[in-house]
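Trainee: here's my sequence, what's the structure:
(one chain, ligands or ions: 1)
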Amino acid sequence: MPHPEPRGYSDPMSITTTSVLLSARDAGVLTLTLNRPEVLNGLTDEVLDAVAEGCRDAAKDDSVRVVVITGAGRGFCSGQDLRGGITSGDADIRGHLRDHYVPMIKAIRELEKPVVASVNGVAAGAGMSLALAADFRIAGESATFIQAFVRIGLVPDAGSSYFLPRLVGTARALELAMLGETVDSAEALRLGLVHRVVDDAHLAHATADFATRLARAPRSAGLIKRLINQSLDNDLDTQLEREGEAQDIAAHSDDFGAGLTAFMSKHTPEFTGH
Ligand code: LHQ
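Mentor: Reported below is the predicted structural model:
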């Protein structure tokens with residue numbers, strides 16, 4: 001099953017589509033495609049704000065069960081658009097991060113639905129941060145990952161310094177961030193940076209397959225995302241409390257009812273995400 005062609009939306013709960021961010025919906029899966037292929041999908045404020053808005057819209061839209069983020073052309077995302085007026089000694093780089101990068105990263109993390117990065121090419125700098133903020137990364141064979149910040153004298157931002165040590169450990173995180181070397185897809189898989197590597201030609205199909213499976217998950221999937229994301233910042237007592245709170249919500253969901261009924265009658269449950 002190939003990815004649907006990205007297209008605009010005119011339905012009542014419309015999801016942001018701009019020329020720099022395409023959106024397409026298919027069977028509960030919302031695909032957001034970064035669309036500046038001529039610069040390997042370098043990030044501008046417009047792109048960052050559109051991704052954030054797309055995720056916030058997805059949170060409110062019951063018909064969206066999974067969000068996929070990918071890139072048009074041969075790149076996934078080359079990070080900050082370096083031709084967009086960023087200069088050395090930029091007075092308000094901190095404000096720029098706070099106003100545009102932070103909302104995007106938080107919108108992805110706070111969305112209580114799975115987010116899949118379908119990494120179709122290079123993910124560099126904040127483009128790598130974007131991939132790391134997703135819950136799952138499926139990479140095409142030609143995908144590469146570069147902590148490019150150090151190559152231009154900057155530090156990891158947009159969450160890379162948070163996600164990277166959690167995914168690969170501090171020793172590897174330091175190496176990747178300080179050397180800024182290119183990590184190919186096989187190495188990314190070995191390091192645990194990505195969940196799957198597939199032939200480039202099969203990336204769209206493999207992503208659709210994976211996302212469609214996630215789209216059938218119960219309401220508890222979003223709560224699982226919440227719990228796992230909280231866990232490394234909490235001690236055991238706190239986390240046991242958080243589990244109790246989340247289980248209380250899950251146990252009151254329609255999907256738990258459906259799951260129990262299906263178990264008793266020896267059928268496969270059909271979850272609605274409620
Ligand atoms: C680009 C870019 C790009 C513009 C390729 N911008 N045009 C920083 C500052 C401020 C605030 C917030 O946070 C950040 C965080 C960051 O993200 S810092 C890191 C920014 N990104 C980079 O440093 C990566 C820059 N790009 C590269 O190193 C290479 O392009 C990579 C390794 C990504 C890909 O290399 P190639 O496959 O050899 O492609 P290419 O270099 O030929 O790029 C193709 C075109 O895209 C080219 O334009 P041209 O007109 O010559 O065809 C590039 O200039 C353009 N491009 N990245 N970030």
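
Trainee: from here on, contacts and neighbour counts on C-alpha atoms
Mentor: OK.

Trainee: can you name the next helix or strand after the worst-scoring helix or strand of the chain on mean pLDDT?
Mentor: Least confident element among the helices and strands of the chain, by mean pLDDT, DSSP states H and E: helix 93-96 (a mean of 93). Toward the C-terminus, helix 93-96 is succeeded by helix 102-110 as the next helix or strand (DSSP states H and E).

Trainee: helix or strand next in line after that next one, which one?
Mentor: Following helix 102-110 in sequence, per DSSP H and E, is strand 115-119.

Trainee: mind listing what's buried in stretch 180-187?
Mentor: Going by neighbour count (16 or more other Cα atoms under 10 Å), the buried part of stretch 180-187 is Gly180, Glu181, Thr182, Val183, Asp184, Ser185, Ala186.

Trainee: what's the average pLDDT for that stretch?
Mentor: The pLDDT scores in stretch 180-187 average 98.

Trainee: what do you get for stretch 191-200?
Mentor: On average, stretch 191-200 scores 98.

Trainee: got the buried residues for it?
Mentor: Leu193, Val194, Arg196, Val197, Val198, Asp200.

Trainee: quick check, nearest of the residues you listed to the ligand?
Mentor: Asp200 (15.6 Å; Cα to the nearest ligand atom).

Trainee: contacts only, for the closest one.
Mentor: Asn120, Gly140, Glu141, Ser142 (Cα atoms under 8 Å, 6 or more residues apart in numbering).

Trainee: what's the span of stretch 116-127 from first residue to last?
Mentor: 14 Å (Cα to Cα, to the nearest Å).

Trainee: now check that stretch, is it near the ligand?
Mentor: Yes: applying Cα under 6 Å from any ligand atom, one finds stretch 116-127 touching the ligand at Val122, Ala124, Gly125, Ala126.

Trainee: just the mean pLDDT for that stretch, thanks.
Mentor: For stretch 116-127, the per-residue pLDDT averages 98.

Trainee: just stretch 260-273 next, same as before
Mentor: Stretch 260-273 comes out at a mean pLDDT of 96.

Trainee: what residue ranges in the stretch 1-150 of the chain score low on pLDDT?
Mentor: 1-17 (pLDDT under 70).

Trainee: let's see 90
Mentor: 1-18, 84-92 (pLDDT under 90).

Trainee: show me what from it comes close to the ligand.
Mentor: 38-40, 42, 78-83, 93, 97, 122, 124-126, 148-149.

Trainee: run the last query once more with 8 Å
Mentor: 37-43, 75, 77-84, 86, 93-94, 96-97, 101, 122-127, 146-149 (Cα under 8 Å from any ligand atom).

Trainee: any idea how far the least confident helix or strand of the chain is from the chain center?
Mentor: Centre-to-centre, helix 93-96 and its host chain are 22 Å apart (Cα atoms, centre = their mean, to the nearest Å).

Trainee: equivalent analysis for stretch 118-126, please.
Mentor: 11 Å.

Trainee: same question for stretch 67-86.
Mentor: 14 Å.

Trainee: now the terminal residues of that stretch, how far apart.
Mentor: End-to-end for stretch 67-86, by Cα to Cα: 30 Å.

Trainee: try stretch 254-274
Mentor: End-to-end distance (Cα to Cα), stretch 254-274: 6 Å.

Trainee: now that stretch: buried residues?
Mentor: Result for stretch 254-274 [16+ other Cα under 10 Å]: buried residues Asp255, Phe256, Ala258, Gly259, Pro269, Phe271, Thr272, Gly273.

Trainee: okay, those in TSV with secondary structure next?
Mentor: Shown next, in TSV, are these (DSSP: H, G, I helix; E, B strand; the rest coil):
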residue	secondary structure
Asp255	helix
Phe256	helix
Ala258	helix
Gly259	helix
Pro269	coil
Phe271	coil
Thr272	coil
Gly273	coil
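
Trainee: among the buried residues of stretch 180-187, which lie within strands?
Mentor: If you go by DSSP state E, the buried residues of stretch 180-187 have Thr182, Val183, Asp184 in strands.

Trainee: if we can go back for a sec, out of the residues of the stretch 1-150 of the chain next to the ligand, which are inside strands?
Mentor: Gly75, Cys77, Val122, Ala123, Ala124, Ile146.

Trainee: which of the residues you listed lies closest to Leu32?
Mentor: In terms of Cα to Cα, no member of those lies closer to Leu32 than Cys77, at 12.6 Å.
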